[in-house]
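J.: Got a sequence here, can you build the structure:
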Amino acid sequence: MAAHAVPALYAVLIWWFSTGLIILLDHRPRHTHPWSMAAGTLVLMAALYAIGASAGDTSETGAYTAFTASLLVWGWQEMSYYMGYVAGPRKTGCPPATRGFALFRAAAATSLWHEAAIVAGMAAILALTWGEPNKFALWTYLILWGMNLSARLNMFLGVRNLNAEFLPERLGYLACFLRNRRMNALFPFSVGIAALVTILLARAAMGEGIGAHEVAGFTIVTTLMALATLEHGFLMLPLPSAALWAWSLPKAARTQNPPAYAGESAGSAGGRGVGTGFSGEPVPLSRPSLTRGPPSPAEGGGNAL
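T.: Here you go, the predicted model:
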């Protein structure tokens, strides 16, 4: 078990710190974002180079390098979206009467270029690792992509905890695309499939006759998959997940105490909103609007990106 402890701990620490760093940078003043993105783009280029250089490395170091570099590529994708540089053609909320597929199509338009960039990132990593033995960069990226997509779909369909404190104010127009519900039909399948994949990866990590490269690599991606499954749990369980990254949140977000889930709001377009405050209780204007449609002028409007 000692051979699994170090890579598992490494995955947890890198996941925790990188998530907090992105949250911190996203909440920084707008004038800092060009510098953050410039630095992030340099890191992206270095990460892609590292993925290509480590693709043929079947040592423990190769596994650590592939995982770390892939996580940095994903970090660039998240930064570019939440800072508004690579998002989508729609930067406003939706009309209050929007329902069904029309609502889904409008939601997809808010992140269309972001999703295209994710596909491009996957294609780049696939090309860099094609025919090479070290594919842990690709597995890492696919886990992040798949679980991120699952979380987005579940938040669209409705979850108990939307963690509004993580959402920068300028993204208030996303409010009408999210829903506060006790449960949705997709969530059990999402968690069940994620748990199954975690078990399969764990079995691979503890398989007989595998080398140090596979032990480290499979342990890392197993831990990442388990963490992503845990994050799905945070969407439904009444746990203060924001406390994990309190150091990266602005003071206003840290001190906000959203009320617990109280069911869907009957008078706000089907219960769509951002955060557990959607139960109808007052929400400070410093946070994104929890009502359907674009945010009010007091909240910065939907064109803040």
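J.: From now on I want contacts and neighbour counts done on CA atoms only, so please keep to that.
T.: Noted.
J.: Confirm for me that Phe83 is in contact with His33.
T.: Slight slip there: residue 83 is Met, not Phe. Yes - with contact defined as CA atoms under 8 Å, Met83 reaches His33; the gap is 6.8 Å.
J.: Looking at the two, which is more packed in?
T.: Met83 (22 against 19; other CA atoms under 10 Å).
J.: In PDB, list the C-alpha atoms belonging to stretch 33-43.
T.: Output in PDB follows, covering the C-alpha atoms of stretch 33-43 (Å, rounded to 0.1, in the frame of the first residue of the first chain):
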ATOM      1  CA  HIS A  33      -7.000  38.800 -16.000                       C
ATOM      2  CA  PRO A  34      -4.900  39.600 -19.200                       C
ATOM      3  CA  TRP A  35      -1.700  39.000 -17.100                       C
ATOM      4  CA  SER A  36      -3.100  35.800 -15.700                       C
ATOM      5  CA  MET A  37      -4.100  34.600 -19.100                       C
ATOM      6  CA  ALA A  38      -0.700  35.500 -20.600                       C
ATOM      7  CA  ALA A  39       1.100  33.600 -17.900                       C
ATOM      8  CA  GLY A  40      -1.400  30.700 -18.200                       C
ATOM      9  CA  THR A  41      -0.800  30.500 -21.900                       C
ATOM     10  CA  LEU A  42       2.900  30.200 -21.400                       C
ATOM     11  CA  VAL A  43       2.200  27.400 -18.800                       C
END
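J.: Could I get the average pLDDT for it?
T.: Averaged across stretch 33-43, pLDDT comes to 97.
J.: Only alpha carbons, please: show stretch 184-194 as PDB.
T.: Output of stretch 184-194 as PDB, limited to C-alpha atoms (Å, rounded to 0.1, in the frame of the first residue of the first chain):
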ATOM      1  CA  ASN A 184     -32.600  14.900 -10.800                       C
ATOM      2  CA  ALA A 185     -32.900  11.700 -12.900                       C
ATOM      3  CA  LEU A 186     -29.400  11.900 -14.300                       C
ATOM      4  CA  PHE A 187     -27.600  12.300 -11.000                       C
ATOM      5  CA  PRO A 188     -27.800   8.600  -9.700                       C
ATOM      6  CA  PHE A 189     -26.500   7.400 -13.100                       C
ATOM      7  CA  SER A 190     -23.700  10.000 -13.100                       C
ATOM      8  CA  VAL A 191     -22.500   8.900  -9.600                       C
ATOM      9  CA  GLY A 192     -23.000   5.200 -10.300                       C
ATOM     10  CA  ILE A 193     -21.000   5.300 -13.500                       C
ATOM     11  CA  ALA A 194     -18.300   7.400 -11.900                       C
END
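J.: tell me the mean pLDDT over it?
T.: Averaging pLDDT along stretch 184-194 gives 96.
J.: ok so, going back, shared neighbours, Met83 and His33?
T.: The contact sets of Met83 and His33 overlap at Asp26 (CA atoms under 8 Å, 6 or more residues apart in numbering).
J.: Thought Thr223 was touching Ala205, still the case?
T.: No - the criterion here is CA under 8 Å, and Ala205 misses it with Thr223 at 10.3 Å.
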